[in-house]
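[1] I would like the atomic coordinates for the input below:
(chains A and B)
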Amino acid sequence: MLEGPTMANDRPVRVRIAPSPTGDPHVGTAYIALFNYAFAKSTGGKFILRIEDTDQTRARSDSERMIYDALRWVGLSWDEGPDVGGPYGPYRQSERSQHYKDAASKLLDAGKAYRCFCTEDRLAKLRIQQQAEKATLGYDRHCRDLDPAESRNRAAQGEACVVRLKVPVSGPIDFQDQLRGVVSRDAKEIDDQVLLKSDGLPTYHLANVVDDHMMQITHVIRAEEWISSTQKHVLLYEAFGWEQPQWFHMPLLRNTDKSKISKRKHPVSINYYRDSGILPQALLNFLGTMGWSFGGDREKFTLAEMISVFDWKRMSLGGPVFDLAKLTWLNEQYIHELTTEQLADALIDWRFNKEFLLKLLPLAHKRIKRLDDFIGVTEFFFTGDLDYAAVTTHFAIPDVAPKEVAKAVLELVEKYEAREGWEAKTLDEVTQAWVTALGWKTKHAFMLLRVAVTGRTTSPGLFETMGVLGKEITRRRLRKAAEVIAKLPAPAAAPAPATKSP
RNA sequence: GACCCUGUCGUCCAGAGGCCUAGGACACCCGCCUUUCACGCAGGUAACACGGGUUCGAAUCCCGUCAGGGUCGCCA
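    This is a model prediction of the structure:
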């Protein structure tokens, strides 16, 4: 056990998740939220949602809303948060700038932090040099010993600067991880972390510590990827003279290849699971089996049941691979226990509702001669992964190797990703630019995409179809198609001079 | 590369020194049921990373090796 200024045992439990609104609502957010929630509720504590939007360059306007919707969809709700308020607000970091500035100047005054005037350019060069010399990476503390008066002057004159933490030059810095025991690291491995960026906004490290303290967070339950930042946070708590929370680092969800779960290798958006017909209670249950066990061979359990038996002793720390097949099986269990009435409602919620039909019908309307054409015309809006076996000939682009085609399709997906919004018009623009750059014939490229997205050669307008299908389903189909394309045999090329014969 | 975390069937978990000839679930394979398919039911294949200790006894404790992962940003 670590002695010293820790252990927040005597206070009522307050935990939080702090997602940053930079994209689609991530399944990892729901995972960490679930354990925070289950722990808090098992002790009668509070669960708080805080939005960490201190990076203006990455913030997405629709992302915050999607986080709320996704979390509520799986069945998690928060006691305090930007949209519900609470006694420790505001809960959006972009609205708390003054707190971080005050905190930073406290540290500056105490000589525990300093202004750094190094340019990004210098830092970039430094990094390149360090890499070349295979030296330890990190800031070289160039500005650490500037005269405080000079530092103040330069800042007053408007010279751009950041504020960095004065990390001890050496000596052990330990923290007690409640799941793993003592994690020890020497201060010499840690460089002087930026606390306040030159735009005046805090980095994660500062904002996180300041907010957790001000919001009376007692237990920090977050993903394993934060372990190596924790020493910096410990140092901050010490510099401020604040009591540390208890630390819990959960294992990371993994791709099939064991790497940290990522959108290029695995569906990570909660919206994907919703759109592909996973029931929220099944997703949540599944997440509850990742690294944690209910006990007694129970695979299937509700949130309430999980809370009632929740115990950190049931955690295991190996990184769990997110297995879609097992999730699907669990989902099947939930579907089968629904009454016919409930299943009808689930289906209506999913796609068989007026809102969805009103989006879909404009594309199908003129293709329908009798009402009973509807299913035939729109069937791929209601199915899961497509079977491309019968249509692979349309995946060929003349004079382009299948591997290249596959690569280009993946690049298109990335380009869609980079653009905010998912409207036909945007998709059209991005795609046109993509084909032009590739120099492919539009008709070949568009047929390929049409087949990838719908599984057939006839369909409503390509981009309107993608628009209605949604980002997640479209993306998955494009990726699946790329996989198929990559495995296609190269077309018999014009007779090339054989250098080797079998 | 440095530092840190982790290491039981292909995958998710059980196992907190003897109850383990290692248990459950998914997936897979094989039956049964059935006009078909699915469900359901009954079986089966399959793992303690390796090497040293400690101990009467190790999947469980310790050390080393190896492997996987994470982090090394004015991103979170």
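
[2] contacts and neighbour counts: CA atoms only from here.
    Will do.

[3] For the closest residue to RNA strand B within the stretch 201-350 of chain A, give me its contacts.
    Here the stretch 201-350 of chain A gets closest to RNA strand B at one residue, A:Gly291, 2.8 Å apart by CA to the nearest atom of the strand. Contacts for A:Gly291 were tallied using CA atoms under 8 Å, 6 or more residues apart in numbering; they are A:251, A:315-320.

[4] restrict the residues you listed to contacts with RNA strand B.
    Residues shared between the contacts of A:Gly291 and the neighbourhood of RNA strand B are A:315-320 [CA under 7 Å from any atom of the strand].

[5] what are the phi and psi angles of the residue of the stretch 201-350 of chain A closest to RNA strand B?
    Torsion angles at A:Gly291 (phi, psi; degrees, to the nearest 10) stand at phi 80, psi 0.

[6] any idea how far A:Pro21 is from it?
    26 Å (CA to CA, to the nearest Å).

[7] before we move on, what about A:His213?
    Noted for A:His213: a distance of 22 Å to A:Pro21, by CA to CA.

[8] neighbour-wise, which of those two wins?
    With neighbours defined as other CA atoms under 10 Å, A:His213 and A:Pro21 compare such that A:Pro21 has more, 23 against 16.

[9] how far away is that one from A:Glu423?
    Applying CA to CA, the value for A:Pro21 to A:Glu423 is 20 Å.

[10] same check, this time on A:Ile32
    Counting by CA to CA, the gap from A:Ile32 to A:Glu423 is 31 Å.

[11] if you count what's nearby, which of those two comes out ahead?
    Neighbour totals were compared for A:Ile32 and A:Glu423, and A:Ile32 leads with 25 against 15 (other CA under 10 Å).

[12] thinking again about what came up before, I'd like to know which of the contacts of A:Gly291 are buried.
    Neighbour counting with 16 or more other CA atoms under 10 Å marks A:251, A:315-317, A:319-320 as buried within the contacts of A:Gly291.

[13] how about stretch A:348-367: buried residues?
    Result for stretch A:348-367 [16+ other CA under 10 Å]: buried residues A:350-351, A:360-361, A:363-364.

[14] Include pLDDT when you put those residues into TSV, please.
    Formatted as TSV, those follow (pLDDT from 0 to 100):
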residue	pLDDT
A:Trp350	97
A:Arg351	96
A:Leu360	96
A:Leu361	97
A:Leu363	96
A:Ala364	95
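
[15] Listing request: residues of chain A with sub-threshold pLDDT.
    Within chain A, the segments meeting pLDDT under 70 span A:1-9, A:134-135, A:492-502.

[16] Strands of that one, residue ranges please.
    Ranges of strands within chain A are A:14-17, A:46-49, A:113-116, A:162-165, A:172-177, A:181-186, A:194-196, A:219-223, A:246-250, based on DSSP state E.

[17] is it possible to export these to TSV including mean neighbour count?
    TSV is the format used below for those (neighbours: other CA atoms under 10 Å):
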stretch	mean neighbour count
strand A:14-17	26
strand A:46-49	23
strand A:113-116	25
strand A:162-165	24
strand A:172-177	18
strand A:181-186	14
strand A:194-196	24
strand A:219-223	21
strand A:246-250	21
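
[18] Just send those strands back as a markdown table, with distance to A:Ile335 too.
    Formatted as a markdown table, the strands of chain A follow (distance: least, CA to CA, whole Å):
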| stretch | distance to A:Ile335 |
| --- | --- |
| strand A:14-17 | 30 |
| strand A:46-49 | 29 |
| strand A:113-116 | 56 |
| strand A:162-165 | 53 |
| strand A:172-177 | 39 |
| strand A:181-186 | 41 |
| strand A:194-196 | 49 |
| strand A:219-223 | 31 |
| strand A:246-250 | 30 |
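
[19] Make CSV out of the ones you listed and add distance to RNA strand B.
    Converted to CSV, those look like this (distance: least, CA to the nearest atom of the strand, whole Å):
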stretch, distance to RNA strand B
strand A:14-17, 10
strand A:46-49, 12
strand A:113-116, 8
strand A:162-165, 6
strand A:172-177, 9
strand A:181-186, 4
strand A:194-196, 5
strand A:219-223, 8
strand A:246-250, 8
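
[20] Now A:Ala155. Nearest residue, chain neighbours left out?
    Distance criterion CA to CA, 6 or more residues apart in numbering; nearest residue to A:Ala155, sequence neighbours excluded, is A:Cys161 at 7.1 Å.

[21] who in the stretch 51-200 of chain A is up against RNA strand B?
    Residues of the stretch 51-200 of chain A found near RNA strand B (CA under 7 Å from any atom of the strand) are A:52-55, A:58, A:117-120, A:127, A:134, A:136-139, A:160-162, A:179-185, A:189, A:193-194, A:196-199.

[22] Just the buried residues of those.
    Neighbour counting with 16+ other CA under 10 Å marks A:52-55, A:117, A:127, A:137, A:139, A:160-162, A:179, A:185, A:193-194, A:196-197 as buried within these.

[23] What about those residues, which are in helices?
    Judged by DSSP state H, helices contain the following of those: A:Arg127.

[24] surely A:Ala113 meets A:Leu165?
    Yes: if you go by CA atoms under 8 Å, A:Ala113 and A:Leu165 touch, sitting 4.3 Å apart.

[25] burial measure for the closest residue to RNA strand B within the stretch 401-502 of chain A, as a count.
    Relative to RNA strand B, the nearest point of the stretch 401-502 of chain A is A:Ala418 (15.0 Å; CA to the nearest atom of the strand). Close neighbours of A:Ala418, defined as other CA under 10 Å, add up to 11.

[26] on that earlier part again, adding distance to RNA strand B, write the buried residues of stretch A:348-367 out as CSV.
    Below are the buried residues of stretch A:348-367 laid out as CSV (distance: CA to the nearest atom of the strand, whole Å):
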residue, distance to RNA strand B
A:Trp350, 20
A:Arg351, 21
A:Leu360, 29
A:Leu361, 30
A:Leu363, 32
A:Ala364, 30
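
[27] Would you mind putting the residues you listed into a markdown table with distance to A:Val15 alongside?
    Shown next, in a markdown table, are the buried residues of stretch A:348-367 (distance: CA to CA, whole Å):
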| residue | distance to A:Val15 |
| --- | --- |
| A:Trp350 | 32 |
| A:Arg351 | 36 |
| A:Leu360 | 42 |
| A:Leu361 | 45 |
| A:Leu363 | 47 |
| A:Ala364 | 48 |
